[in-house]
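Visitor: here is the input, now give the coordinates:
(one chain, ligands or ions: 1)
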Amino acid sequence: MATAVVAQYSQSDFAGEVRAGLLRPGQKELPSKYLYDEVGSALFEVISVLPEYGLTRADERLLGRHAVDIVSRLKSDVLVAELGSGSGRKTRWILEALTRRQRTTYCPIEISPTALARCESELGQIEYVSIVGFERPYLDGLLAAASWRRENEHLLVLFLGSTIGNFDRDAGERFLAEVRRILYPGDSLLLGTDLEKPLPQLVAAYDDSIGVTAAFNLNLLARINRELGADFDLAAFRHEARYNSAERRIEMHLRSLRDQSVTIPSAGFTVSLAKEETIWTESSHKYRAEEITAMAQRAGYRCDAQWLDSEWPFAENLLIAE
Ligand code: AVJ
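Guide: Numbering: from 1, shown residues only. A predicted model of the protein is given here:
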């Protein structure tokens, strides 16, 4: 059905953040949200079917099994907004359960135009669903989506796939509180969270045997080459996934294999890297089920229910704004 896209994202934000992250004193870093250009989004799709990476399948299994139960806990009618549209495959379960009782407007919010387009073609065919996509950062997009709600319509926000894990723990909680500020009491947030699991399983999920995750990580440098005219030599970097047990998170890094310097013309700087120095590209925090409940409470929600996967420790959490 109808599709409207409100575009807004700029190359100069990308250049600015690359510059800030690489010129930072101490640990160099690049924001993980930039992993998802067209190539990166396609690589992530492959990651999600790798035997080592059970996260996406667990999320989808839980939604497939419990969508009807989840939806039955919501007050009608509901406007659905999703933070990060992904491919839209998981969302289908929720939308189909909802359209059994109402026509549904679905607002995916996504900074990657490729991912947004794919989600729209995947979900645009469902009967009784209208899609209004927002090419914006999460909170901007959510504000815009919230303004689409009619009187008496409740908002259901989907934040699936454990994307919250990319935030530091404190920032994740602050983010939940910021989302809460856009909601009204009785609105809900369905939050997917990857749980702690044995170390070998965790590390393998981010360092798979055929190197797809390595390609996904290295693509960030390739993207900087493509879009900002940089001269990163990809052969001079190695993908690394390590578990930080104090912070309970996987960290992805790119390790420089030699002393080198890289020029990034469109961001207007040159950076040197020492042999063995790393660029930190992503964090993926792991949670305990009780921790989510407590975090949600401090952020202004009541955890109405949790569904856990038995094959791959993962939790779907239904949080109701208080
Ligand atoms: C999509 C952010 C949940 O952190 O597990 C997969 C991204 N990075 N493999 C994650 C990712 C490396 C993924 N999230």
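Visitor: identify the bridge partners of whichever residue of the chain sits closest to the ligand.
Guide: For the chain, the residue closest to the ligand is S284, as judged by CB to the nearest ligand atom, at 3.3 Å. To be clear about C-beta, it is placed using only N, CA and C from the backbone, and glycine gets the same treatment. Counting by DSSP bridges, S284 is bridged to I250.
Visitor: return the residues in contact with it.
Guide: The contact partners of S284, taken as CB atoms under 8 Å, 6 or more residues apart in numbering, are 162, 165-166, 194, 206, 249-252.
Visitor: nearest to F14 among those residues?
Guide: N166 (17.1 Å; CB to CB).
Visitor: re earlier: neighbour-wise, which of the contacts of S284 leads?
Guide: Neighbour count (other CB atoms under 10 Å) singles out D194 as the most crowded of the contacts of S284, with 27 neighbours.
Visitor: how about the nearest residue to the residue of the chain positioned farthest from its centre, chain neighbours excluded?
Guide: The centre of the chain is farthest from one residue, D259, which by CA atoms, centre = their mean lies 32.9 Å away. Residue nearest to D259 in three dimensions, not counting chain neighbours: K275, with 5.1 Å by CB to CB, 6 or more residues apart in numbering.
Visitor: make sure the one you found is indeed in a strand.
Guide: No - according to DSSP: H, G, I helix; E, B strand; the rest coil, K275 belongs to no strand; its state is coil.
Visitor: count the neighbours of it for me.
Guide: Neighbours around K275, by other CB under 10 Å: 11.
Visitor: tell me the mean pLDDT for stretch 196-216?
Guide: Averaged over stretch 196-216, pLDDT sits at 98.
Visitor: residues contacting it, please?
Guide: 35, 40, 43-44, 46-47, 50, 52-55, 238-243, 248, 250, 252, 284, 286-288, 312-313.
Visitor: how about 7 Å then?
Guide: 35, 40, 43-44, 46-47, 50, 52-55, 239, 241, 243, 248, 250, 252, 284, 286-288, 313 (CB atoms under 7 Å, 6 or more residues apart in numbering).
Visitor: again with stretch 95-106
Guide: Residues from elsewhere that reach stretch 95-106 (CB under 7 Å, 6+ apart): 67-68, 71, 76-80, 123, 126-132, 148.
Visitor: what does the chain have sitting close to the ligand?
Guide: Contact residues, the chain versus the ligand (CB under 6 Å from any ligand atom): 47, 55, 161-163, 165-166, 206, 213, 282, 284.
Visitor: how about a cut-off of 5 Å?
Guide: Taking CB under 5 Å from any ligand atom, the part of the chain that reaches the ligand is made up of 161-163, 284.
Visitor: how about the helices in the stretch 1-150 of the chain?
Guide: 11-22, 38-47, 55-72, 91-99, 113-123, 138-146 (DSSP state H, counting those that start in this stretch).
Visitor: can you list the buried residues in the fourth one?
Guide: When burial is assessed from 16 or more other CB atoms under 10 Å, helix 91-99 yields the following buried residues: 91-99.
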